[in-house]
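coordinates only, sequence not included:
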C-alpha cells in the first residue's frame, strides 16, 4: 500500500466500482453463487486505504446503497454495513497501511466478518435470516482474494500515470 493519494484519480476508482457492481449482478451457477466474494466491499476497503480523500465515508455509503438497490431486500442494509466497515478502515488506516500483507489480510477478514454479521443481524430483524454455514463462505473467498486484489491494484496504480 505504498501508492500515494496523488497518483490515484476519481476515474480509476469509479471504473473499479462499476466493474465490481457488474460482478455483483452477474448470474453465477448455484454452486459458485454462495461463495461469491464481496468484491465491492474489498474495493471500498482498498480505496479507503489507498485514497482516503477520494474514497471516504460518503463513497462507502453510496456503494452500499448501490448494492441495496441492485440486490437487497431492504434499502440501507448494505449501506449501513459498508459505512461501518469504511469508518473502521479510515480510523485504522495509518496502521493498516504499514501492516505486512498477511497481517492486513487478517484485519480484512475481521472487517468482512463484521460486515457479514451486521447484514445477518439486520436480516434476522426483518425476517427469518439464512443461518446455514454457507452464509460465511463469501467472507472466506473475499479474504483469499484480498492479497491478489492488492497486488493487482497496487501494480496498476504504480505503472499508470
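Everything's here; your move. In this text the structure is predicted, and so the values were computed from the model without any measurement. Numbering: from 1, shown residues only.

From now on I want contacts and neighbour counts done on CA atoms only, so please keep to that.
Noted.

okay, and for this protein, where does confidence drop off?
Counting by pLDDT under 70, the ranges of the chain that qualify are 1-7, 160-161.

Now with 50, please.
2 (pLDDT under 50).

the longest helix in it is where?
helix 101-126 (DSSP state H).

So which bits of that helix are buried?
101, 104-105, 107-109, 111-116, 118-120, 122-123 (16 or more other CA atoms under 10 Å).

What residues sit buried inside the helix or strand just after that helix?
Using DSSP states H and E, the helix or strand that follows helix 101-126 towards the C-terminus is helix 137-159. Buried residues in helix 137-159, defined by neighbour count with 16+ other CA under 10 Å: 138-143, 145-146, 149-150, 153-154, 157.

Just the closest of these to residue 127, please.
residue 138 (21.2 Å; CA to CA).

Please tell me I have it right and the closest one contacts residue 35.
Yes: between residue 138 and residue 35 there is a contact under CA atoms under 8 Å: 4.8 Å.

Pick out the residue closest to the middle of this protein.
residue 41 (1.2 Å; CA atoms, centre = their mean).
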